[in-house]
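**Student:** please find the sequence and the predicted model below.
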Amino acid sequence: MSSGLPTLSENRFLRFFTVTALYMAQGIVMGVIIISLPAVLAAEGLTATQVGSFVGLVMLPWSFKILFAPLMDRFTVIAMGRRRPWILVGIIVSAIGYFGMASIQNPTENLPLLIAMGMVAVGCSALMDVSVDGMVVDILPTKEQALANGLMWGGKVLGTAITAWASGWMYKNVGISETLYAAGLLTLAFALFPLLIRERSGERLLPWTTGQASEETLKLHEGSWLFIGKGLLKVFLLPTTLWMALLGATGGSLQGFLDAMLPVLTVQELQWQADDYSNIGALSQLISGLIGMVLGGWLANLLGYKRAVTLFLSMLLLANAAAALAAPIWETRSTIVSIAIIHTALRTLSIITFFSIAMALCWKKIAASQFAMYMIFANFGFSSGSILFGQLSQVISFSQMFYVMGGICFVGIFATSRIHIDKHSERLTTLDQESSSQIS
């Protein structure tokens with residue numbers, strides 16, 4: 001059985017197109033569950049604490065990436081490629097999670113069950129995310145990774161924008177269950193990419209078809225828990241890794257904080273309709289996605305990764321301060337729209353560059369595990385930021401919330417100043433040499 005398509009390792013356009021599409025599939029989670037659904041819950045009368053807890057808990061499985069990644073580095077159907085089998089599993093089971101959410105009767109009255117099924121959908125989307133990230137590190141040359149990250153994150157944000165707009169309309173006009181069923185079917189459609197496209201030439205398309213693992217894949221696949229564990233420990237103890245962990249946590253908390261705050265601010269405080277908020281969320285994601293795809297990788301390469309992150313976080317700090325000072329004119333809808341667009345665009349650019357740094361710091365032999373280790377802190381920060389908003393909403397005003405986010409930006413700027421990519425790369429080269437000498 002042959003797909004008739006070139007492999008990812010052989011075709012640059014196919015590499016960029018495939019990873020962009022797979023990241024767009026991940027945007028379904030953000031658009032349907034993280035942007036639109038919280039606005040529906042707020043409109044149904046759930047409290048700020050309940051909405052914040054929903055967002056934080058449903059996104060918590062993204063913090064499980066550190067558990068998924070070693071499994072991928074250790075186990076796979078290697079004749080099908082190192083990452084492709086896991087991408088398939090992630091897409092299919094994520095769709096099942098959506099179907100589970102859709103089957104719940106009176107979802108706003110069964111919040112714990114809604115959260116549980118949402119965690120399945122989000123958790124398996126995280127499984128796919130780890131797989132795609134590992135494949136990028138394995139397959140794409142280093143010089144392509146910044147551009148790929150811009151396209152990938154831009155694709156994810158575009159997927160988020162489209163599904164946030166569509167699901168916002170569907171939640172209101174069709175129904176919650178029907179919207180979630182549609183999200184599950186759309187997710188399944190993206191399974192065509194890992195079904196039809198091989199990582200490297202000569203690999204099997206499916207477990208029962210002909211083919212074999214490539215030499216490149218066999219060299220990267222250590223297949224030892226001991227090696228993975230020791231490698232992770234060695235990499236984690238490097239100074240740059242620790243500062244990257246802090247940078248990831250601050251970036252994630254910024255996103256989680258704002259994503260939990262905006263639906264409550266607009267729907268409950270400013271009396272917007274739930275679908276009005278979804279439309280604004282979709283617009284801001286669309287604009288930032290286009291900016292990320294066009295400028296993200298280019299700016300990261302032009303300025304250098306550290307300078308780019310520092311610039312974007314500094315601009316985000318100033319934007320948060322300006323948003324707080326603009327509180328008297330929040331009733332003017334264009335003010336909130338501007339805040340959402342500026343914040344999302346700057347956050348997208350900083351995330352793209354953060355991803356590029358993380359990939360540059362990865363040791364390819366344990367790429368999925370190490371990259372997931374960086375992402376775990378970002379995703380834990382997201383959940384923590386959402387929950388933090390719920391707690392702070394009881395004691396401080398919405399305008400003061402933006403000053404809190406400005407303080408988080410400052411922490412991220414400081415962490416970036418302590419990251420040294422060249423020194424870290426030299427240490428990875430030493431680890432490669434030590435590994436080769438042990439094998440020989």
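**Tutor:** In hand now; what should we look at? Residues are numbered from 1 along each chain as shown.
**Student:** mind listing what's buried along the helix or strand containing Phe389?
**Tutor:** According to DSSP states H and E, Phe389 maps onto helix 367-392. Across helix 367-392, burial judged by 16 or more other CB atoms under 10 Å covers 367-390, 392. Placement of C-beta: from N, CA and C, glycine included.
**Student:** and if you look at stretch 265-285?
**Tutor:** Going by neighbour count (16+ other CB under 10 Å), the buried part of stretch 265-285 is 265-268, 272, 274-285.
**Student:** and it, what's its mean pLDDT?
**Tutor:** Stretch 265-285 carries an average pLDDT of 78.
**Student:** can I get that stretch in PDB, CA atoms only?
**Tutor:** Presented in PDB, the C-alpha positions along stretch 265-285 are these (Å, rounded to 0.1, in the frame of the first residue of the first chain):
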ATOM      1  CA  LEU A 265     -14.400  40.500  32.200                       C
ATOM      2  CA  THR A 266     -16.400  40.900  29.000                       C
ATOM      3  CA  VAL A 267     -19.400  38.600  29.600                       C
ATOM      4  CA  GLN A 268     -20.100  39.200  33.300                       C
ATOM      5  CA  GLU A 269     -18.500  42.600  34.100                       C
ATOM      6  CA  LEU A 270     -19.100  44.400  30.700                       C
ATOM      7  CA  GLN A 271     -22.300  42.500  29.900                       C
ATOM      8  CA  TRP A 272     -21.300  41.200  26.400                       C
ATOM      9  CA  GLN A 273     -23.000  38.300  24.800                       C
ATOM     10  CA  ALA A 274     -21.000  35.000  24.900                       C
ATOM     11  CA  ASP A 275     -20.700  34.800  21.100                       C
ATOM     12  CA  ASP A 276     -19.500  38.500  21.000                       C
ATOM     13  CA  TYR A 277     -16.500  37.400  23.200                       C
ATOM     14  CA  SER A 278     -15.900  34.300  21.000                       C
ATOM     15  CA  ASN A 279     -15.800  36.600  17.900                       C
ATOM     16  CA  ILE A 280     -13.200  38.900  19.500                       C
ATOM     17  CA  GLY A 281     -11.200  35.900  20.600                       C
ATOM     18  CA  ALA A 282     -11.300  34.500  17.000                       C
ATOM     19  CA  LEU A 283     -10.300  37.900  15.500                       C
ATOM     20  CA  SER A 284      -7.300  38.300  17.900                       C
ATOM     21  CA  GLN A 285      -6.200  34.800  17.200                       C
END
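**Student:** just give me how far stretch 273-281 sits from the chain centre.
**Tutor:** From the chain centre to the centre of stretch 273-281 is a distance of 22 Å (CA atoms, centre = their mean, to the nearest Å).
**Student:** next one: stretch 228-242
**Tutor:** 22 Å.
**Student:** in the stretch 51-200 of the chain, where is pLDDT below threshold?
**Tutor:** 63 (pLDDT under 70).
**Student:** what about the helices in it?
**Tutor:** 65-74, 84-102, 111-139, 142-173, 176-189, 192-196 (DSSP state H, counting those that start in this stretch).
**Student:** out of these, nearest to Ala249?
**Tutor:** Across the helices of the stretch 51-200 of the chain, Ala249 has its closest neighbour in helix 65-74 (13.4 Å, CB to CB).
**Student:** and the angle from the helix or strand hosting Leu318 to helix 142-173?
**Tutor:** In the assignment (DSSP H and E), Leu318 maps to helix 305-325. Interaxial angle, helix 305-325 versus helix 142-173 (axes from the mean of the first three to the mean of the last three CA atoms, to 10 degrees): 30 degrees.
**Student:** give me the residues contacting helix 305-325.
**Tutor:** For helix 305-325, contacts defined as CB atoms under 8 Å, 6 or more residues apart in numbering pick out 146, 247, 254, 299-300, 302-303, 339, 342-343, 346-347, 349-350, 353-354, 356-357, 360, 399-403, 405-406, 409-410, 412-413, 416-417, 419, 421.
**Student:** any of these buried? List them.
**Tutor:** Neighbour-count burial within the contacts of helix 305-325 applies to 146, 247, 254, 299-300, 339, 342-343, 346-347, 349-350, 353-354, 356-357, 360, 401-403, 405-406, 409, 412-413, 416, 419, 421; the criterion is 16+ other CB under 10 Å.
**Student:** in helices only, show me these.
**Tutor:** Judged by DSSP state H, the buried ones among the contacts of helix 305-325 include 146, 247, 254, 299-300, 339, 342-343, 346-347, 349-350, 353-354, 356-357, 360, 401-403, 405-406, 409, 412-413, 416, 421 as members of helices.
**Student:** correct me, but Cys362 touches Phe371?
**Tutor:** Yes - assessed by CB atoms under 8 Å, Cys362 is found in contact with Phe371 at 5.4 Å.
**Student:** any shared contact partners between these two?
**Tutor:** Common neighbours of Cys362 and Phe371, counting by CB under 8 Å, 6+ apart, are Val137.
**Student:** where does the stretch 201-350 of the chain dip in pLDDT?
**Tutor:** Scanning the stretch 201-350 of the chain with the threshold set as pLDDT under 70 gives 220-223.
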